[in-house]
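# Provide a 3D model corresponding to the input given below.
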Amino acid sequence: MPIRTADAVVIGGGHHGLVAAAVLADAGWDVCLLESADVLGGAVRSAELHPGFTADLFSAFYPLSVASPVLRSMDLEAHGLRWAHAPAVLAHPVRPGGEPAAVLYRDRERTAAGLAELNPRDGEAWLRLCEQWDAIGEPMLRTIFTAFPPVRGPLQLLRRIGTAEALRLARFLALPAGRMGEELFASEGARLLLTGNAVHADAPPDATVSGVFGWLLAMLGQHYGFPVPVGGSGELAAALARRATAAGADLLTGEHVERVEVRGGRAVAVHTATGLTVRVRRAVVADIAAPMLYRDLLPADALPQRLHDDLEHFVWDTPVVKVNWALDGPVPWRNPGVAGAGTVHLGVDEHGMNQWAADIESQRVPASPFLLFGQMTTADPTRSPEGTESAWAYTHLPRGVSDDEAAGQLAKRVDAVVEEFAPGFGGRVLARTVQRPGDLQAADPNLVHGAVNGGTAQLYQQLVFRPVPGLGRSETVVGGLYLGSASAHPGGGVHGVCGWLAARAALGEHGALGALRRRVTSAALELVYRAPPSAR
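Numbers count the residues shown, from 1 in each chain. Here you go, the predicted model:
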C-alpha cells in the first residue's frame, strides 16, 4: 500500500479545503489535499445538464465571496476568475399580478427610488440603512470573518459609533427579520427584501437574530452585488485549485478518506479507501461536516463522552430541493421589473412567508413554497446560447422529510409557482432536472439529507455553539486536528473563512508561541468537555 508523508493533510476539496491548502502551502508547508470526488469544489460546482446550458449544481451567487477578506487576499483574478453581474441584483414580486416588485440594484439611489414608488417613506429609509452600513460595514465583516471571540472588529465598531449606539445596534441585530422589516419600512415589498434574504439561511422570519441575515445579505447586495463566476460556479473552485497548486499544494481527487489515525491524543495519519496512507507531521484540516468527522473518521475513544453526547443534539439545516431548467427564451414574467434580476425571491407575500415557515417547522410539505430563483444567463451571458436562459429554483423540505416522493411533489409545486408568476414558462422548457436531497448528498457527502449549510444557522448552533457547545474555534480535542468546514464558525456561505481559520490555527500552534497556545487551548477544551460530577 502506498505511504507518503506531509506536513499537513487537508480532508475535502471544497472551497474551504482549497483555501486551507493554499494558506498552509504559502507558509512553506508540504500540503496534501484528499478529495473523494473526481472533481474539486464541493458545493461550488457547475455542469452542462443540457447541451450548451451551464447549470450551477449547488451555490450560485456569491456576495459573501467578493466581500470576504480571505478570498480577496487569494487574488483569484490572477488565476483566471472573472465575475459577472446581472442588471439588477435581486427582485421580489409580492404577488403574481403586474404590480411593481421590490428591486435591489447596485446603485443605492436607484434602489431607493424604486422603493419610494411602493411607499414614499421607504426610499429615505433605504438610504438611511445604507448610511448605517457605510459606518459599520467594515467592522461588522471583520467581526464575522475572524476567530472567536472577535476583538478588533468590536473595538473598531465601538470607536466609530460609541457605546450608546452600540447597544441600539445590538438590539437591532437581535431582531427577527419580520420585526426588523416592520421597524424599517412601510411597504410590504421593502420588508420582503429583508425577510426573503433572511431565509437564504434556514432561520424562520420570526426567529431571534434572523433579521441580521436579511440585513447583511441586503447590504452586501447593495454594496457588492450578487456576482457569479463567468462560465459557472465551477470556475471559482478551479481558480482556488490553481491558486493552491501554485503555492505548492498537492491536490488529489478520487481519494476518499476512511479514517484519521490518532496516537497519543494527536492525529498522526490519514488513510483512504484506495489504500493510501499519508503520515502527518503537523496538522490535519477537515473540510467535512462535523458529525462525519467525529463519528465516522475518528476512533470513538479519541473523543470525550460529553462531545459524543453533544453531537446527538447537532441540527442539520433543512433539506433542499432544486429544479434546473434550460429555456428556449427569457422567463415570461408578468412583472417586467423582474426580468433583469439575477436572483428572484418568489412565491409568497408576508403572510405566505410566515405560513411557509410554519409548514417547514410543522413537518408539512409546503403547499405554497417560497423559492429562490436564479436567472443565470441574465447574470452571465456565457451560461447558454443567445436568446435563451439557464435557470434554477430551490426551496426547502422540513427536517426529517427528504424522501424522493416528497421531493418530487415539492418540485411540481415549484413549477406551478413559477408558472403563476410567469405564464407560459412551462412552454419554454427545453430540459428539466430535479436535484432531490439524496441527489445532493450523493454528489457531495457533506450535504447530508440535502442540507447545504453545514448545520442550522439558527442562534442555538452559532458562535460558541457551532457545531456543539465549545470554544467556537477550529481547534478540536484531538491534537493537530482542525475543523475547517461550514460546520465551524462562522458557518455556511462561500467565504473561505472556515478553512482560513483552521489553517491559521494550525500555523499558530507551530509558531513561536505555539507551545503556550497549545497548552491554553487544551486546558480550555478540557474545561468544556470534562465529564460532569454526576458522571464521574
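# Report all helices and strands that whichever helix or strand residue 502 is part of contacts.
Here residue 502 sits within helix 497-508, counting by DSSP states H and E. Counting contacts by 3 or more CB pairs under 8 Å, 6 or more residues apart in numbering; DSSP states H and E, helix 497-508 is packed against helix 15-26, strand 277-286, strand 481-483. (C-beta placed from N, C-alpha, C; glycine too.)
# in the stretch 401-536 of the chain, which spans are strands?
For the stretch 401-536 of the chain, the strands defined by DSSP state E, counting those that start in this stretch cover 429-435, 481-483.
# Just name the most buried of the helices and strands packed on helix 497-508.
Most buried of the helices and strands packed on helix 497-508, by mean neighbour count (mean count of other CB atoms under 10 Å): helix 15-26, with a mean of 30.
# And for that helix, what's in contact with it?
7-8, 10-11, 31, 33, 35, 40-42, 44, 70-71, 74, 236-237, 240-241, 243-244, 247-249, 251, 283, 285, 287, 484-486, 494, 496, 498-500, 502-504, 506-507 (CB atoms under 8 Å, 6 or more residues apart in numbering).
# 7 Å - rerun?
Applying CB atoms under 7 Å, 6 or more residues apart in numbering, the contact partners of helix 15-26 are 8, 10, 31, 33, 40-42, 44, 70, 74, 237, 240-241, 243-244, 247-249, 251, 285, 287, 484-486, 494, 496, 498-500, 502-504, 506.
# buried residues in stretch 319-327?
319, 320, 321, 322, 323, 324, 325, 326, 327 (16 or more other CB atoms under 10 Å).
# per-residue confidence averaged over it?
What stretch 319-327 shows for mean pLDDT is 97.
# again, but for stretch 383-393
Mean per-residue pLDDT for stretch 383-393: 98.
# Could you export it as PDB, CA atoms only?
C-alpha atoms of stretch 383-393 as PDB (Å, rounded to 0.1, in the frame of the first residue of the first chain):
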ATOM      1  CA  ARG A 383     -24.200  30.200 -19.500                       C
ATOM      2  CA  SER A 384     -26.400  29.400 -22.500                       C
ATOM      3  CA  PRO A 385     -27.000  30.300 -26.200                       C
ATOM      4  CA  GLU A 386     -28.000  33.900 -27.000                       C
ATOM      5  CA  GLY A 387     -31.700  34.500 -26.500                       C
ATOM      6  CA  THR A 388     -32.100  31.500 -24.100                       C
ATOM      7  CA  GLU A 389     -31.900  31.200 -20.300                       C
ATOM      8  CA  SER A 390     -30.300  28.800 -17.900                       C
ATOM      9  CA  ALA A 391     -32.400  29.000 -14.800                       C
ATOM     10  CA  TRP A 392     -33.000  27.200 -11.500                       C
ATOM     11  CA  ALA A 393     -35.000  27.500  -8.300                       C
END
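# Could I get the contacting residues of the residue nearest to residue 239 when sequence neighbours are not counted?
Once flanking residues are discounted, residue 239 sits nearest to residue 81: 3.8 Å by CB to CB, 6 or more residues apart in numbering. Residue 81 is in contact with 229, 235, 236, 239, counting by CB under 7 Å, 6+ apart.
# repeat that with 10 Å
By CB atoms under 10 Å, 6 or more residues apart in numbering, residue 81 lies in contact with 65, 71, 74-75, 229-231, 235-240, 242-243.
# Of those residues, just say which sits nearest to residue 407.
Of all those, residue 237 has the smallest distance to residue 407: 25.7 Å, by CB to CB.
# if I look at the closest residue to the closest one other than its chain neighbours, how far off is residue 24?
Excluding the flanking residues, the one nearest residue 237 by CB to CB, 6+ apart is residue 41, at 3.0 Å. Note on residue 41: its distance to residue 24, by CB to CB, to the nearest Å, is 19 Å.
# which secondary structure element contains residue 395?
In this assignment (DSSP H and E), residue 395 forms part of strand 389-396.
# From the chain's centroid, how far away is that strand?
Remark: strand 389-396 is offset 17 Å from the chain centroid, using CA atoms, centre = their mean, to the nearest Å.
# what's the first-to-last distance across stretch 444-458?
The first and final residues of stretch 444-458 sit 23 Å from each other (CA to CA, to the nearest Å).
# Counting neighbours, which bits of it end up buried?
By 16+ other CB under 10 Å, the buried positions in stretch 444-458 come out as 444-458.
# that older thread, of the contacts of residue 81, select the buried ones using a ChimeraX command.
Applying 16+ other CB under 10 Å to the contacts of residue 81 leaves a buried subset, and the ChimeraX line that selects it is:
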select :65,71,74,229,230,231,235,236,237,238,239,240,242,243
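# any idea how far residue 426 lies from residue 368?
Distance, residue 426 to residue 368, using CB to CB: 18 Å.
# Settle it for me: which of those two has more neighbours?
residue 368 (16 against 13; other CB atoms under 10 Å).
# just to revisit the earlier point, show me which pair in the buried residues of stretch 444-458 is furthest apart.
Greatest spacing in the buried residues of stretch 444-458, by CB to CB: 445 and 458 (23.3 Å).
# packing partners for the helix or strand bottoming out on mean pLDDT in the chain?
Taking mean pLDDT, DSSP states H and E as the measure, the chain has helix 514-529 as its least confident helix or strand, at a mean of 83. Secondary-structure packing of helix 514-529 (3 or more CB pairs under 10 Å, 6 or more residues apart in numbering; DSSP states H and E): helix 305-311, helix 497-508.
# how about the ones you listed, which one is nearest residue 134?
Among the helices and strands packed on helix 514-529, helix 497-508 comes nearest to residue 134, with 22.7 Å by CB to CB.
# Which residues in the closest one does the neighbour count mark as buried?
Buried positions in helix 497-508, judged by neighbour count with 16+ other CB under 10 Å: 497, 498, 499, 500, 501, 502, 503, 504, 505, 506, 507, 508.
# how far out from the middle of the chain is that helix?
Taking mean C-alpha positions (CA atoms, centre = their mean), helix 497-508 and its chain are 18 Å apart.
# Using PDB, list the CA coordinates for that helix.
Only the C-alpha atoms of helix 497-508 are listed here, as PDB (Å, rounded to 0.1, in the frame of the first residue of the first chain):
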ATOM      1  CA  VAL A 497     -13.200  31.800   6.300                       C
ATOM      2  CA  CYS A 498     -13.700  28.400   8.000                       C
ATOM      3  CA  GLY A 499     -10.700  26.900   6.000                       C
ATOM      4  CA  TRP A 500      -8.600  30.000   6.600                       C
ATOM      5  CA  LEU A 501      -9.200  30.000  10.300                       C
ATOM      6  CA  ALA A 502      -8.300  26.300  10.600                       C
ATOM      7  CA  ALA A 503      -5.100  26.800   8.600                       C
ATOM      8  CA  ARG A 504      -4.200  29.900  10.700                       C
ATOM      9  CA  ALA A 505      -4.800  27.900  13.900                       C
ATOM     10  CA  ALA A 506      -2.500  25.100  12.700                       C
ATOM     11  CA  LEU A 507       0.200  27.600  11.800                       C
ATOM     12  CA  GLY A 508      -0.200  29.400  15.100                       C
END
